[in-house]
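> What shape does this take:
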Amino acid sequence: MQLSPSTEEFLALLDAFSGHRLSCQDDLGALFELASHPDRKGVLDELSFQAKFISKCHGIMTRIGSKGNGYNKLMAELTTSLEEAKTLLHSLLGSATSDLKEHFTSTYLSMSPESFQNILALMYDLSWYKNWHIDGSRGME
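Residues are numbered from 1 along each chain as shown. Predicted coordinates:
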C-alpha cells in the first residue's frame, strides 16, 4: 500500500519516539491509512488499547514463566484480547484491497506459530501508538 506523506512522517516520529523499536512499520502505516477515514478512527484507538494490554500481558507472562502465580489467568486474558484485536483488524481491513487483506491474513491472522509471533510484534508496535497518545504527543503536535 502506498503511504501518504503525512503517514510516513508520523511513522518516522513514532519510530523515533519508540527508540527505533518498531518492526512492522509498513503494516502499521497501512493500518493508519485504513483508519484515516473518520468512521474507523475509533477502531484504531480500540485496537491500540488492546495492543498495549497484549504487549504488557505477554511481557509479564514471559517474565513469570508458565509456572508463575497467575499465569493461567493471564493466558486467558491474553487469548481474549488477541481475539478482540483480530476482530478489530478484520474491521479495519474491510475496505482494504484483496492483496492487503491476504497479506494481513497470512502474516498475522493465520493459525501458525509465525503468525502468533508476527501479531505480537504488530501489537507491540501499536502499543507505541497508544503510548504516543498518552505521553508522546504532548508538545510535539
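> Looking at the protein, which helix is longest?
Secondary structure of the chain per DSSP state H: the longest helix is helix 41-64.
> on contacts alone, who are the packing partners of that one?
Helix 41-64 is packed against helix 25-34, helix 71-92, helix 113-131, with contacts defined by 3 or more C-beta pairs under 8 Å, 6 or more residues apart in numbering; DSSP states H and E. Glycine gets a C-beta too; all of them are placed from N, C-alpha and C.
> so where's this structure shaky on pLDDT?
136-141 (pLDDT under 70).
> go with 90
Residues of the chain that meet the criterion pLDDT under 90 lie in 1, 37-41, 95, 133-141.
> Let me have the helices and strands packed on helix 41-64 in TSV, extended by distance to residue 56.
Listed next are those as TSV, based on distance: least, C-beta to C-beta, whole Å:
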stretch	distance to residue 56
helix 25-34	18
helix 71-92	10
helix 113-131	8
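> For those, could you give me TSV that also reports mean neighbour count and distance to residue 16?
Shown next, in TSV, are the helices and strands packed on helix 41-64 (neighbours: other C-beta atoms under 10 Å; distance: least, C-beta to C-beta, whole Å):
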stretch	mean neighbour count	distance to residue 16
helix 25-34	20	12
helix 71-92	16	24
helix 113-131	19	10
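> Please look at residue 31 and residue 44 and confirm they touch.
Yes. Between residue 31 and residue 44 there is a contact under C-beta atoms under 8 Å: 6.6 Å.
> got a list of contacts for the longest helix of the chain?
31-32, 35, 68, 70-71, 74-75, 77-78, 81-82, 84-85, 88-89, 91-92, 120, 122-127, 129-131, 133 (C-beta atoms under 8 Å, 6 or more residues apart in numbering).
> Tell me, how many residues neighbour residue 105?
Residues near residue 105, counting by other C-beta atoms under 10 Å, number 14.
> ok, so what distance separates it from residue 21?
Distance of residue 105 to residue 21, given as C-beta to C-beta, to the nearest Å: 25 Å.
> now do residue 28
12 Å.
> thinking again about what came up before, could you tell me which residues touch both of residue 31 and residue 44?
Shared contacts of residue 31 and residue 44 (C-beta under 8 Å, 6+ apart): residue 92.
> Please report the distance of residue 131 from residue 63.
With distances taken as C-beta to C-beta, residue 131 is found 19 Å from residue 63.
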